[in-house]
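A.B. asks: Sequence and predicted structure below; questions after.
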Amino acid sequence: MTLLDQIGGQDSVDAAVDAFYVRVLADDRVNGCFDIDMKKQAAKQKRFLGSLLAGTAQDPEGYMRSAHKKLVEEDGLNDSHFDAIAEHL
């Protein structure tokens, strides 16, 4: 049984991601990092977390570094942003 199964499947992940983005988008410390199509962003996050919890994600650390590279290098994404996001998780 995978972690995904143990937490109630993809429906649980989907609900958690939806609730997470409500909190993140209300947080002035980080909501400026999300000047993007949030439906697409939530869908990507749901797929990523689902595969991670199912044990099928390939190179999750590399994926996260690649996905956020521009934000780090060009927009100043830093540990304070990470800490704020972690609070919402």
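C.D. replies: Here it is on my side, so go on. Residues are numbered from 1 along each chain as shown.

A.B. asks: Please tell me how far residue 39 sits from residue 1.
C.D. replies: When CB to CB, to the nearest Å is the yardstick, residue 39 and residue 1 sit 31 Å from each other. C-beta coordinates here come from the backbone N, C-alpha and C atoms, glycine included.

A.B. asks: more crowded one of these two?
C.D. replies: Relative neighbour count places residue 39 above the other of residue 39 and residue 1, with 9 against 5, counting by other CB atoms under 10 Å.

A.B. asks: Can you list phi and psi of the more buried one for me?
C.D. replies: Reported as degrees, to the nearest 10, the phi and psi values for residue 39 are phi -60, psi -40.

A.B. asks: List the contacts of it.
C.D. replies: For residue 39, no contacting residues are found, by CB atoms under 8 Å, 6 or more residues apart in numbering.

A.B. asks: Could you verify my assumption that residue 42 touches residue 19?
C.D. replies: No: in this structure residue 42 lies outside contact range of residue 19 using CB atoms under 8 Å: 10.7 Å.

A.B. asks: higher neighbour count, these two?
C.D. replies: Set side by side, residue 42 and residue 19 show more neighbours around residue 42, with 15 against 11, by other CB under 10 Å.

A.B. asks: Show me the shaky parts of the chain.
C.D. replies: Filtered on pLDDT under 70, the chain yields no residues whatsoever.

A.B. asks: in it, which spans are helices?
C.D. replies: Across the chain, reading from the start of the chain, the helices by DSSP state H fall at 3-6, 10-25, 38-54, 60-75, 79-88.

A.B. asks: export these to a markdown table and tack on distance to residue 32?
C.D. replies: What follows is the helices of the chain, written out as a markdown table (distance: least, CB to CB, whole Å):
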| stretch | distance to residue 32 |
| --- | --- |
| helix 3-6 | 31 |
| helix 10-25 | 10 |
| helix 38-54 | 13 |
| helix 60-75 | 9 |
| helix 79-88 | 10 |
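
A.B. asks: so which of these gets nearest residue 31?
C.D. replies: Residue 31 lies closest to helix 10-25 among the helices of the chain, at 5.1 Å (CB to CB).

A.B. asks: got the angle for that closest one vs helix 38-54?
C.D. replies: Per axes from the mean of the first three to the mean of the last three CA atoms, to 10 degrees, the angle that helix 10-25 makes with helix 38-54 is 130 degrees.
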